[in-house]
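Student: fold the following and give me the result.
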Amino acid sequence: QVQLQESGPGLVKPSQTLSLTCTVSGGSITTRYYGWSWVRQPPGKGLEWMGAISYEGRKYYIQSLQSRTSISWDTAKNQISLQLSSVTPEDTAVYYCAKGANWVWDIWGQGTQVTVSS
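Tutor: Prediction:
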């Protein structure tokens, strides 16, 4: 059973870069046809898909965040990473990583709260 665990700082200052890691266990991130997404949920709002990386390393981003978002992986550590630059308080959210196939995200991490504040 694949499991995902997000980690990273809970507090980031405005204008800094938010960096999160998703550690995957129970399966390889390069397993054929798997994809790995980052999704966030601001307080009082719905889920927002941010981007994904495929089992081949192809990257996809939502257009509204593309200029500030970078998703990468470390296959040796079986980890997916998210970097979001120039953060503002509007980037305060619970951040999730999720596994899927064919753009259906079926396994999610528990999420990690990130607050942007000075």
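Student: going forward, measure contacts between C-alpha atoms and count neighbours the same way
Tutor: OK.
Student: middle-most residue in the chain, spatially?
Tutor: When CA atoms, centre = their mean is applied to the chain, the residue found nearest the centroid is Trp38 (2.8 Å).
Student: quick check: which helices or strands does whatever helix or strand it lives in pack against?
Tutor: Counting by DSSP states H and E, the element that carries Trp38 is strand 35-41. For strand 35-41, the packing partners by 3 or more CA pairs under 8 Å, 6 or more residues apart in numbering; DSSP states H and E come out as strand 48-54, strand 93-101.
Student: rewinding a little: show the contacting residues for the residue nearest to the centre of the chain.
Tutor: 49-52, 82, 95-98 (CA atoms under 8 Å, 6 or more residues apart in numbering).
Student: number of residues surrounding Tyr60?
Tutor: 15 (other CA atoms under 10 Å).
Student: tell me the residue furthest from the middle of this protein?
Tutor: Outermost residue of the chain (CA atoms, centre = their mean): Ser118, 22.8 Å.
Student: partner residues bridging the residue nearest to the centre of the chain?
Tutor: Beta bridges link Trp38 to Gly51, Cys97, judged by DSSP bridges.
Student: state the distance from it to Cys22.
Tutor: As judged by CA to CA, to the nearest Å, Trp38 and Cys22 stand 9 Å apart.
Student: got the angle for the strand holding Trp38 vs strand 48-54?
Tutor: Per axes from the mean of the first three to the mean of the last three CA atoms, to 10 degrees, the angle that strand 35-41 makes with strand 48-54 is 160 degrees.
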